[in-house]
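1. got a predicted model here, sequence first, then my questions.
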Amino acid sequence: MSRIGVFTCWCGENIARMVDVQRVTETIAQVPGVRVAVNYKYMCSDPGQASIRDKIVEEKLDGLVVAACSPHMHLKTFRRAAAAAGLNPYLVEMANIREHCSWVHKDKELATAKAIEIIRMAVEKVRRNHALQPIRVPMTKRALVVGGGVAGIQAALDIADAGYEVVLVERDPSIGGKMAGLSETFPTLDCSQCILTPRMVEVGQHPRIKLHTYSEVEGVEGFVGNFKVQIRKKARYVDMIKCTGCGDCWAVCPSKKNLSEFDQGMGYRKAIYIPFPQAVPARPVIDKEACLYLKNGKCGVCAKKCVPQAINFSDQDEVITEEVGAVIVATGYRLYNITKDQDNSKLTGYGEYGYGLYKDVIDGLQFERLASASGPTGGAIKRPSDGAEPKKIVFISCVGSRDEQHGMTYCSKICCMYVAKHAMLYKHKVHDGEAHIFYMDIRAGGKNYEEFVRRAIEQDGAVYHRGRVSKITQENGKLVVRGADTLLGQPVTIEADMVVLASAMRPSEGATRLAQMLNVGVDEFGFLSESHPKLRPVETNAAGVFICGACHAPKDIPEAVAQASAAAGKVAIMFANEELTRDPEVASVNELTCAACFTCVRACPYTAIEKAMVLDGRGNFIKNTARVNPGLCMGCGTCVAVCPSKSVDLEGFSEEQIYSQVESLAL
Amino acid sequence: MSETTDSAATNGFEPRIIAFVCNWCTYLGADLAGTNRLEYPSNVRIIRLPCTGRIDFNLVVKALEVGADAVIISGCHPGDCHYTAGNYHARRRWMLFREVLQTLGVDLRRIHFAWISAAEGKKWAQFVADVTAQTRELGPYNEYRQIIEAEVS
Amino acid sequence: MSETITKDALLKLVGEWIDRGKRTIGPTEIKPGHIRYARLEDSAALKLGGYIRPENSVKEFVFPKHEKLYRYLFEGKEISLAEADGEPAATVVVGSRPCDAAAFDILDRVFNWDFVDEQFNARRHATTIVTIACREWDDYCFCTSVGLGPAAPRGSDVLLMPLDGGAYEVRALTDAGRALFAGHTTPAEVSATDSAGPERKFEMEAVDEFLRQSWDSPLWRDQALRCLGCGACTYECPTCHCFDIVDEGNARGGYRARNWDACQFRMFTVHASGHNPRPDQPSRQRQRILHKFRIYPDKFGELLCTGCGNCGRACPVGLGVLNVLEAAAKAAVEG
Amino acid sequence: MQQQELRQLARKLLEEGTVKVVIGYGQPVAGAPAFPVFITDPAKVDLLVWNEQCFHNLTGYLKRKEIRALGKPAIVVKGCDERTLVMLEKESQIVRSDVYVIGMACSGVGDPLSAKCGYCEVHMPRFADVVIGQVDNPPVDPSARYAVLDEFLSAYPTPAARMAYWQEELGRCIKCYACRQICPLCYCERCIFDKNRPTCVDTSPTLKGNFGYHITRAFHLAARCIECEECTRACPVGIDLRLLNQSLSRGAEEHFGFRAGMDSEAELVVGSYSLKDREDFIQ
């Protein structure tokens, strides 16, 4: 016979007003297995918890029901109290007679009757609870960071500085990401590269950071604490060790007219190149599409010129495996490319802006390169078509953002700020120029952001038109921008020399595929899903996988960096423990009765169930069985519901517990 | 949705309703209804499970066997599942389960499915009120009571 | 000189029993193609001919598939017990087959051997059984091989012998039987002629000899490989009487009951440890046969089988006592 | 003549040791229902028969320990039985290469013809190692598949009427488990009905226990049942269990375009999901 203690809380008046706690206590005291039933004004208060601890000891209780508020409110509290008194915390259940009873009913009789049944259910359940110990899983204290933009760099450095090894994987030849290509950054207008490149160098030189650039994650096996990650190192055709980065090779490379990815196609690079001078690693790659030797076996001057003989035309892709205990995804964003990105049916709009059709209609990142001292024009604002200095530029915000019909419903968040910045930079460089901005709303929430926008308007005279642009056409060398100013309530037509589109931010290519490899959810736009929007913003539902930066949602640099540090912190916390400890309320299989139909294996959202074999003492095969990996199981119980023989069960919500709850309601 | 008026309309019969809800959406939705003091009939008894994915059809049968006049099954909206896909698996099973119930003549007006999020306290309160009202109209589930009480002659 | 009753008179009499509130059981067509012993609400439902024998046996009316033994109720921390059911209703089984009636006599012994089963006895004593002798049989029937026959009186209170032209000669064998038909019969000169019944299918002596040294015989495997391990044969058998005790209840209370159980189920002998002394169908089939034709006879001096053939008819894979015993007899002869 | 070919093949397989046992049909008394036989001795292949009495779906025996103990089996299947093999393989219950499948061209079994044969689309086995005989697949009207069910549903249009029907029918159930035991897709090591702590379903053959049993049995075959109708044939008390299974088969076909064992590539319904699954019944 069990010795259960039932502690009913008044919650001051919150419960006692509508539920006759005295009657509840007396009735419950009569339930078989209930050793003590008491009530108290505030069970969660120190004296309340003390009384629980005392009773556990005095009455040698082996089960605890606290009839009070929602378990989401206080279950942890009372489990701790039980543990403090030597009772296994998993032998505690709560009966929610506040949120689910006293607060929602007006008839004291009915509410009291209901409270009694709610508690009765909890008693029947707790009677069948098991004492559980946290699950311990050994882990590799080594982190993988996917993406070498500012977020990935920050996360990698924080984890490495915390004393743990980091593997940083970047798809491009150099780390740095989008930020490395920006001119100046809002709201301070400090030079982007000046603040980022030192951090890049730190990464390159950090003893605990292993850098794989020009590489991509190709496969992920294992689970939290024990991931095995396959990484494809794309053929560079340059020996990273022999190469000194002297630059003789790209100096002599005859293949010149290759659009520079780093310059957003606004400038050119050689076939063998480093993306930009401060690249990390400062080692070139050969673009095999552009290299004359790789294309038709002729040329090879770079190899001749290379003193350390680092050029290796027979280089091959290589797939390596890294073992890590945690993964941070920082794959960042790309801009909505109107000409290319008509991928999902919703993205159908903005052809009327002539992007890709008119040379002088460019997007925000392209403008950054124009405005950047390290850019193709050395920082001089020259329009792509003829290199002339534009005297009138129209900046259009919300291109593809906040648009139910043709674009993304969300706000890309940073555009309002960088559009203002662009206007400023332009005006600083072309004093007699006109900067016109079409906008829907100005969203300048953030430290010194609003002031920044005011400056653009008041000091630098950026002209803001509240309204959308309907069409852009090219008429005798001008870009005729037709829009409306909804404040003036009249159409606006501007003959511009150049147009800059603040296109929507989208997750970078391949983010969804990576998410699938890691069992991380994605939203309808392909942004990775956090575990909880408020309380677990950098965790995901895949244990040991964290997210930061723009792969999660549009973000500006400070946010991305903050989130990166947060993710790094989570990893450091994880690694600070000897081994992983996980909630023991997980599923387990009765391997003797399992029929090995593996329906559970198919159903498990966490791939936490594997096909296994039951062997005898000598290792001979007895039968097949499903087996739950407690390190992966999150305790959803989907497996239990689909198991026809109920050979799998879930601690904390076991078949016995649930059925006894239902049966306690029998009339 | 005041109880007294409703029950008066159905000469005092008070249905017994058992609700199987997921821990992360509907249970919290019901919590929110409480926090906002949204009154609803007291006929429902909530059983908390981690996820709709855990809700086995046998539980629904058991609920009827203990004399429930109506059963509620509710969890996260599609896309909101705390466990990413539990509710999708559940939805499939429910579709099929309804088929066999239909053939058996189990009155589907007594088995209610809903997506109710942690933010939808109002929806929960309204839903319980509606189910209660509808079940009062239907009266006690005598057909199943007969099954429960039938003696072997 | 004999007592007779016409078919119409019989039906009229049955109607009276029903009207007087007697629980009246007889063969009836519960749905097209399915003749079963079942409670009659109307004498017209009684089906007297056009079939070999009902699919079930009459045992369920004295030993039901599910029988409450007592109720229990939780009152606070106390548990109170209560009687399950009241007195059994006065029952007449009309149109039983001799092979069913004979089983009553056998069950009487089983349920009053080391323990006197009052609940069974109460039902049994409340039951009068009116048997109709057989004039037809099929390949499954083998009553003659187990010492019975188409007109075996064993277990019956009244034996109705079909006469040409639809009437019956009434042979009242017990006081209860006589009371039931008193005043409803007419004297006649005619007297029914016994029919031979199904020809002998096997020699019991040979079978017995075989069974006494058959434990390891490959016959069991050969015969039982196809056995599905269901309980159809035992549940439709008039003499199988194994039961299981279960509690059906919840946190409020419930009742203890006995349900039919079958030696062919895997769960019948499985131990808590997981060990199962009868690990496969062959060993379970062997158990069934040995129990009926050796173990039981050794104890009670008679067979636990009336040759009704229901096991063979009910079996989804055409396996019955008869197949096995024919094979056994053959094996015995061949040595 | 198919029967002769079958016997010759069986003898060859046993003699050459390709298989250790041939699972097929036997019939000591002509006209009587054929029943399963297990031939291990080449000399005994003449026990094998093939005729319209061979309705039994033998595939269930592949899971039985006693049978497995005999060694690699060859099994005689009709096109419909073969659907079970597809499911058993998808559910990891058999390794196809461990079974020698003898397909029998079949133009229908039972006398009168079984209902299931009326709408059969697989008179010719599709995945067998060898097919004996040749018949055409006559075109069938898909709606015929659920004719029995439709008949029932229209005869008992209301929930109350259906409930009354099943109370009558399931009231007769004696829980002999013939329907479970004969089902080739009921292969659990320990059936849920044999599980206590908790007992999901009352073990007693009360109306309550019987409803629980039959709802569960049917649902456990949801989108798995290949409609061999053996459960209905095996039931000694004549309950038309097909109706429950058919309603689920139709559901699987209507909602998921899935028909058990017809397409060996199709993804199983339970244990998977689609974002497009309908939910008009969910508020």
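-> Thanks, I have it. Worth saying up front: this structure is predicted, and the values here are computed from it rather than measured.
2. if I pick residue 79, what's in contact with it?
-> Here I'm looking at chain A. A:89-90, A:92 (Cβ atoms under 8 Å, 6 or more residues apart in numbering or on different chains). For glycine as for every other residue, the C-beta is placed from the backbone atoms N, C-alpha and C.
3. look at chain D instead
-> By Cβ under 8 Å, 6+ apart, residue D:79 lies in contact with D:103, D:106, D:120, D:122-126.
4. what is the most widely separated pair among the residues you listed?
-> D:103 and D:120 (13.7 Å; Cβ to Cβ).
5. which residues of the stretch 1-150 of chain C fall in strands?
-> Along the stretch 1-150 of chain C, counting by DSSP state E, counting those that start in this stretch, strands occupy C:2-5, C:23-31, C:34-39, C:66-75, C:78-83, C:91-96, C:127-132.
6. do the same with chain D
-> D:21-26, D:35-39, D:48-49, D:73-77, D:100-104, D:130-132 (DSSP state E).
7. which one of these lies nearest to residue C:139?
-> Per Cβ to Cβ, nearest to residue C:139 of the strands of chain D: strand D:35-39, 13.8 Å.
8. what's near enough to touch the closest residue to residue D:102 other than its chain neighbours?
-> Distance criterion Cβ to Cβ, 6 or more residues apart in numbering or on different chains; nearest residue to residue D:102, sequence neighbours excluded, is residue D:76 at 4.9 Å. By Cβ under 8 Å, 6+ apart, the contact list for residue D:76 reads D:6, D:22-25, D:48, D:50, D:54, D:58, D:102, D:104.
9. what's the closest of those residues to chain A?
-> residue D:58 (19.7 Å; Cβ to the nearest Cβ).
10. about what we covered before: pipe the contacts of residue D:76 into TSV and attach pLDDT and neighbour count per row.
-> As requested, the contacts of residue D:76 are arranged in TSV below (pLDDT from 0 to 100; neighbours: other Cβ atoms under 10 Å in any protein chain shown):
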residue	pLDDT	neighbour count
D:6	96	23
D:22	97	29
D:23	97	27
D:24	97	26
D:25	96	23
D:48	95	25
D:50	95	25
D:54	92	25
D:58	96	26
D:102	97	26
D:104	96	28
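11. which bits of chain A sit near chain C?
-> A:30-32, A:120, A:124, A:592, A:660, A:663-664, A:666-667 (Cβ under 8 Å from any Cβ of the partner chain).
12. how close does residue A:82 sit to residue D:140?
-> 65 Å (Cβ to Cβ, to the nearest Å).
13. whoops, I mixed them up, residue A:26
-> Distance from residue A:26 to residue D:140, by Cβ to Cβ: 69 Å.
14. residues touching the most centrally placed residue in chain D, list them.
-> By Cα atoms, centre = their mean, chain D has its centre lying nearest to residue D:228, at 3.8 Å. Each residue near residue D:228 by Cβ under 8 Å, 6+ apart is listed here: D:57, D:80-81, D:84, D:116, D:184.
15. of the residues you listed, closest to chain B?
-> Closest to chain B, out of all of the contacts of residue D:228 and judged by Cβ to the nearest Cβ, is residue D:116, at 17.7 Å.
16. for residue 90, give me the pLDDT.
-> No chain specified, so I'll use chain A. At residue A:90, the model reports a pLDDT of 97.
17. right idea, wrong chain: chain C
-> 95.
18. ranges for the strands of chain B?
-> Using DSSP E, strands in chain B cover B:17-22, B:44-49, B:70-75, B:111-115.
19. please name the residues that touch residue 19.
-> With no chain named, the answer covers chain A. A:97, A:101-102, A:108, A:111-112, A:115.
20. oops, chain D please
-> D:13, D:71-74, D:100.
21. let's see 10 Å
-> D:10, D:12-13, D:39-40, D:70-75, D:99-100, D:102 (Cβ atoms under 10 Å, 6 or more residues apart in numbering or on different chains).
22. just to revisit the earlier point, of all the strands of the stretch 1-150 of chain C, which one is nearest residue B:65?
-> Using Cβ to Cβ and comparing the strands of the stretch 1-150 of chain C, the one that lies nearest residue B:65 is strand C:66-75, at 15.9 Å.
23. now for the closest residue in space to residue A:103 that isn't next to it in sequence, how many residues are close by?
-> With sequence-adjacent residues excluded and distances taken as Cβ to Cβ, 6+ apart, residue A:103 is closest to residue B:34, at 3.9 Å. For residue B:34, the neighbour count with other Cβ atoms under 10 Å in any protein chain shown is 25.
24. again, but for residue D:43
-> 10.
25. do the same with residue A:403
-> 19.
26. quick one, phi/psi of it?
-> Residue A:403 adopts backbone torsions of phi -140, psi 100, taken as degrees, to the nearest 10.
27. how much space between residue C:116 and residue C:155?
-> 19 Å.
28. more neighbours: which of the two?
-> More neighbours surround residue C:155 than the other of residue C:116 and residue C:155, with 25 against 9 (other Cβ under 10 Å).
29. wait, doesn't that one sit right on residue C:99?
-> Yes: taking contacts as Cβ atoms under 10 Å, residue C:155 lies within contact range of residue C:99: 9.4 Å.
30. shared neighbours of these two, anything?
-> C:58, C:131, C:148, C:238, C:306.
31. just checking, residue A:36 touches residue A:57?
-> No: in this structure residue A:36 lies outside contact range of residue A:57 using Cβ under 10 Å: 11.9 Å.
32. more neighbours, these two?
-> Set residue A:36 next to residue A:57 and count neighbours by other Cβ under 10 Å: residue A:36 wins out with 17 against 11.
33. part of a strand, is the more buried one?
-> Yes: counting by DSSP: H, G, I helix; E, B strand; the rest coil, residue A:36 falls inside a strand.
34. give me the three-state assignment for the nearest residue to it once chain neighbours are set aside.
-> For residue A:36, ignoring the flanking residues on the chain, the nearest one in space by Cβ to Cβ, 6+ apart is residue A:5 at 4.8 Å. Following three-state DSSP, the label given to residue A:5 is strand.
35. tally of neighbours for residue A:5?
-> Quick note: residue A:5 (other Cβ under 10 Å) scores 25 neighbours.
36. low-scoring stretches of the chain, by residue?
-> In the absence of a named chain, chain A is used. A:1, A:342-349 (pLDDT under 70).
37. wait, chain C was what I had in mind.
-> C:335.
38. what about the helices in it?
-> C:7-19, C:98-110, C:118-125, C:175-181, C:204-211, C:218-224, C:232-236, C:281-290, C:296-300, C:310-314, C:321-334 (DSSP state H).
39. of all the ones you listed, which one is nearest chain A?
-> Across the helices of chain C, closest to chain A is helix C:281-290 (Cβ to the nearest Cβ), at 18.7 Å.
40. returning to that earlier point: please pick the buried ones from the contacts of residue D:19.
-> D:10, D:13, D:39, D:70, D:73-75, D:99-100, D:102 (16 or more other Cβ atoms under 10 Å in any protein chain shown).
41. now render these as a markdown table, adding distance to residue B:48.
-> As requested, the buried ones among the contacts of residue D:19 are exported to a markdown table (distance: Cβ to Cβ, whole Å):
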| residue | distance to residue B:48 |
| --- | --- |
| D:10 | 59 |
| D:13 | 58 |
| D:39 | 57 |
| D:70 | 50 |
| D:73 | 48 |
| D:74 | 53 |
| D:75 | 48 |
| D:99 | 46 |
| D:100 | 52 |
| D:102 | 53 |
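42. which one of the residues you listed sits closest to chain A?
-> Closest to chain A, out of all of those and judged by Cβ to the nearest Cβ, is residue D:99, at 16.5 Å.
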